[in-house]
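Asker: here are the coordinates; sequence isn't available:
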């Protein structure tokens with residue numbers, strides 16, 4: 001699904017301010033929750049091994065999120081269902097929650113929080129804005145083609161560095177909109193540009209939430225992840241998005257242009273009020289530290305937990321070179337991290353759900369039932385099926401989704417000979433393609449808002465084109481890997 005941006009499920013990030021579900025879906029969710037709770041109370045009285053009945057908490061979680069309930073509350077309630085079915089005592093619940101703090105998915109939540117803290121430091125020092133200025137001005141701003149390349153490269157680099165689609169493009173948009181308006185790019189076309197280019201950045205940034213999660217789940221190094229999953233999907237998304245946004249431009253240049261007030265007065269290079277010598281130094285420190293530590297990480301074959309070191313060291317170097325005093329730097333970092341503490345709680349509460357469903361024997365029973373069919377089908381159909389399950393059937397935060405699909409299906413995937421590289425491609429595709437459709441989503445609408453566009457139809461067309469291209473590429477990759 002979407003990243004959390006971890007701000008939206010696909011950043012591979014979630015906005016924690018969803019609109020409350022409408023009356024009918026709310027009633028459906030309440031009814032499903034009540035039935036599920038009754039079942040979780042009664043089933044342990046009838047059997048010591050629930051088997052497939054152990055999937056009730058996971059199914060309930062999916063229904064609650066699909067009908068629009070707050071994802072954190074849905075996760076907490078579903079974990080409560082699993083605890084009820086397992087008949088844990090209060091001390092056992094405390095032990096499980098304590099152990100969950102050190103789980104894989106909780107660690108990913110911590111990394112995401114640290115990334116938000118780093119992003120806040122990059123914003124406060126002006127490093128992020130200076131980085132965008134440097135890229136766009138280097139490419140040039142005198143023709144529509146150069147402006148498009150500058151915008152898309154800036155979005156990819158910034159999102160890949162900060163690990164958040166919404167947060168990075170929120171920095172980018174006010175800087176690039178005036179120059180885009182002056183060379184007559186339409187609002188829907190700019191929205192398509194930053195959506196696709198930013199999504200590509202989330203797929204290849206060395207420490208973005210989707211990347212570290214898939215690396216950890218498939219047990220791959222960053223280089224292995226790049227060639228097997230990240231680069232093919234990112235390149236497809238960026239290249240197809242480049243031409244798709246031009247297709248959108250042809251159909252909206254006359255009907256949906258930027259108004260004159262968005263064009264500004266400058267006619268040369270992009271300028272920004274925070275562009276001082278300190279912000280430029282901070283930008284060099286920010287980019288240089290990430291690149292250097294990424295190279296070191298590849299050399300030592302570091303795992304996903306290496307991202308914790310990278311986030312902290314990069315924040316320190318950016319603040320130092322940006323001449324930011326320690327106290328405001330720490331305040332900015334903690335304030336940025338605190339903005340996503342709800343997501344850490346989400347992942348912390350999600351782990352007991354995964355653990356208890358596994359202990360119920362549900363996964364084992366499900367795999368026993370599917371095994372004969374999938375064994376005879378072979379790796380390629382299995383990978384396509386797991387991709388479709390992730391894309392269409394499992395809602396929620398992208399990180400949590402990857403962990404759930406990996407926990408559910410990897411044992412069977414390994415047993416039929418699926419290599420970790422192909423599995424990584426399936427996990428990434430299943431968790432990220434729905435950035436682009438088939439239905440409107442928070443990521444899509446958020447990028448429209450940043451670009452000041454209201455043309456949802458064109459945003460959907462752009463998304464469907466990118467989505468179809470990725471599905472074709474992934475099916476080819478499954479046959480090769």
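Answerer: Done, it's in. Given the structure is predicted, the values throughout are model-derived calculations rather than measurements. Numbers count the residues shown, from 1 in each chain.
Asker: what about residue 76, distance to residue 57?
Answerer: 11 Å (CB to CB, to the nearest Å). C-beta here means a position set from N, CA and C on the backbone, and glycine is covered the same way.
Asker: And residue 144, by the same measure?
Answerer: Counting by CB to CB, the gap from residue 144 to residue 57 is 52 Å.
Asker: more neighbours, these two?
Answerer: Legend: neighbour count by other CB atoms under 10 Å for residue 144 and residue 57, higher for residue 57 (29 against 17).
Asker: quick one: that one and residue 81 touch, right?
Answerer: Yes: judged on CB atoms under 8 Å, residue 57 makes contact with residue 81 at a distance of 4.0 Å.
Asker: intersection of neighbour lists for those two?
Answerer: 36, 40 (CB atoms under 8 Å, 6 or more residues apart in numbering).
Asker: one step back: which residues are common contacts for residue 76 and residue 57?
Answerer: By CB under 8 Å, 6+ apart, no residue touches both residue 76 and residue 57.
Asker: Residue 164 - how many residues pack around it?
Answerer: Neighbour tally, residue 164, other CB under 10 Å: 32.
Asker: pLDDT at it, what is it?
Answerer: Predicted confidence (pLDDT) for residue 164: 74.
Asker: The one 4 residues further on too?
Answerer: According to the per-residue confidence, residue 168 scores 75 in pLDDT.
Asker: tell me which element residue 102 is part of?
Answerer: Under DSSP states H and E, no helix or strand contains residue 102.
Asker: And for residue 241?
Answerer: Going by DSSP H and E, residue 241 is part of helix 231-252.
Asker: Excluding its own residues, what touches that helix? List them.
Answerer: With CB under 8 Å, 6+ apart, helix 231-252 has contacts from 148, 152, 156, 185-190, 192-193, 195-197, 199-201, 203-204, 425, 428-429, 432, 455, 458, 461-462, 465-466, 469-470, 473-474, 477.
Asker: remind me which residues of the stretch 351-481 of the chain are low pLDDT?
Answerer: Applying pLDDT under 70 to the stretch 351-481 of the chain picks out residues 367, 370-371, 373-377, 392-397, 440-442, 481.
Asker: Quick check: what element follows the helix or strand of the chain with the lowest mean pLDDT along the chain?
Answerer: Lowest on mean pLDDT, DSSP states H and E among the helices and strands of the chain sits helix 362-377, with a mean of 70. Scanning forward in sequence from helix 362-377 by DSSP H and E, the next helix or strand is helix 379-388.
Asker: so what does the next helix or strand along the chain from that following helix touch, helix or strand wise?
Answerer: Counting by DSSP H and E, the next helix or strand C-terminal to helix 379-388 is helix 398-415. Applying 3 or more CB pairs under 8 Å, 6 or more residues apart in numbering; DSSP states H and E, we find helix 398-415 packed against helix 104-125, helix 209-218, helix 341-359, helix 362-377, helix 379-388, helix 420-432.
Asker: Next, format those helices as TSV and append distance to residue 255 and mean neighbour count.
Answerer: As requested, these are exported to TSV (distance: least, CB to CB, whole Å; neighbours: other CB atoms under 10 Å):
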stretch	distance to residue 255	mean neighbour count
helix 104-125	34	26
helix 209-218	35	27
helix 341-359	38	22
helix 362-377	48	15
helix 379-388	36	20
helix 420-432	31	27
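Asker: possible to save those as CSV with distance to residue 249?
Answerer: Putting the helices and strands packed on helix 398-415 into CSV (distance: least, CB to CB, whole Å) gives the following:
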stretch, distance to residue 249
helix 104-125, 30
helix 209-218, 28
helix 341-359, 35
helix 362-377, 43
helix 379-388, 31
helix 420-432, 25
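Asker: what about those helices, which gets the closest to residue 324?
Answerer: With distances scored as CB to CB, the stretch of the helices and strands packed on helix 398-415 nearest to residue 324 is helix 104-125 (5.4 Å).
Asker: How far does the closest one sit from its chain's centre?
Answerer: Centre-to-centre, helix 104-125 and its host chain are 13 Å apart (CA atoms, centre = their mean, to the nearest Å).
Asker: I'd like the mean pLDDT over that helix, please.
Answerer: pLDDT averaged over helix 104-125 gives 82.
Asker: So, low pLDDT: which residues of the stretch 1-150 of the chain?
Answerer: Using pLDDT under 70, the stretch 1-150 of the chain drops low at 1-23, 25.
Asker: Please enumerate the helices of it.
Answerer: Assigned by DSSP state H, counting those that start in this stretch, the stretch 1-150 of the chain shows helices spanning 23-46, 56-66, 71-86, 90-100, 104-125, 127-139, 144-162.
Asker: which parts of the second one are buried?
Answerer: Think helix 56-66. Judged by neighbour count (16 or more other CB atoms under 10 Å), helix 56-66 contains these buried residues: 56-58, 60-66.
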